[in-house]
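Peer 1: Please find the sequence and the predicted model below.
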Amino acid sequence: MKSVTPIFGLLRAAVLVVLVVAVAACSRNPATGVGNLGPGQGAPGSQQEFLVTVGDRVFFETDSSALTPTAMATLDKQAVWLNRYGNYRIMIEGHADERGTREYNIALGARRASIVVNYLVSKGVNGGRITSKSFGKERPVAICNDISCWSQNRRAVTVVQ
């Protein structure tokens with residue numbers, strides 16, 4: 001009986017190796033790219049892919065709705081992705097930091113959203129797919145009385161719907 005036990009151990013190990021190889025082979029599909037993604041990337045054309053590989057927000061200087069070179073580079077990537085995946089509608093959210101009155105910041109957020117909409121349309125994105133809304137200072141992502149927080153809140157966010 002002792003001589004049979006090592007054979008079963010070898011068979012069990014061989015089966016495990018075959019299963020591991022089979023699972024690894026099945027988890028990668030070159031035709032769809034599924035299984036070849038980095039951590040958190042999402043499938044091509046997914047909202048997750050847009051968020052992780054393209055970027056969903058651009059930032060503005062204090063009291064400004066002018067696009068920075070960094071913002072334009074992000075919006076260029078957004079336009080390419082949105083033109084490739086025309087089935088999505090998007091909303092551009094305009095935001096401001098906590099300084100200034102509510103009314104002023106709603107207007108500033110609206111200008112920021114509008115400049116982003118116009119830029120994306122100029123890059124070929126169908127304007128009929130885009131809506132915009134200003135939240136002013138009502139939806140901060142960072143809360144503190146410091147430039148480090150204010151700079152994160154001066155933004156426009158592209159929400160893929």
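Peer 2: Here it is on my side, so go on.
Peer 1: could you pull out the strands for this structure?
Peer 2: 57-59, 90-95, 130-136, 155-160 (DSSP state E).
Peer 1: Val80 is nearest to which of these?
Peer 2: strand 155-160 (12.8 Å; C-beta to C-beta). In this view, the C-beta of every residue, glycine as well, is placed from N, C-alpha and C.
Peer 1: List the neighbouring strands of that closest one plus their orientation.
Peer 2: strand 57-59 (antiparallel), strand 90-95 (antiparallel) (DSSP bridges).
Peer 1: Any chance you could give me the last one in CSV, C-alpha atoms only?
Peer 2: It refers to strand 90-95. Extracted in CSV, the C-alpha atoms of strand 90-95 (Å, rounded to 0.1, in the frame of the first residue of the first chain):
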residue,chain,number,x,y,z
ILE,A,90,-21.3,62.7,-21.3
MET,A,91,-21.9,65.4,-18.8
ILE,A,92,-19.3,68.0,-18.0
GLU,A,93,-19.5,69.2,-14.4
GLY,A,94,-18.0,72.5,-13.6
HIS,A,95,-16.7,73.1,-10.0
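Peer 1: State the mean pLDDT of that strand.
Peer 2: Mean pLDDT, strand 90-95: 98.
Peer 1: in it, what counts as buried?
Peer 2: 90-95 (16 or more other C-beta atoms under 10 Å).
Peer 1: Quick one: residues in contact with that strand.
Peer 2: Residues outside strand 90-95 that contact it (C-beta atoms under 8 Å, 6 or more residues apart in numbering) are 82, 108-114, 116-117, 120, 129-137, 139-141, 153-161.
Peer 1: again, 7 Å this time
Peer 2: 82, 109-110, 112-113, 116-117, 129-135, 139, 153-161 (C-beta atoms under 7 Å, 6 or more residues apart in numbering).
Peer 1: Okay then, goodbye and thanks.
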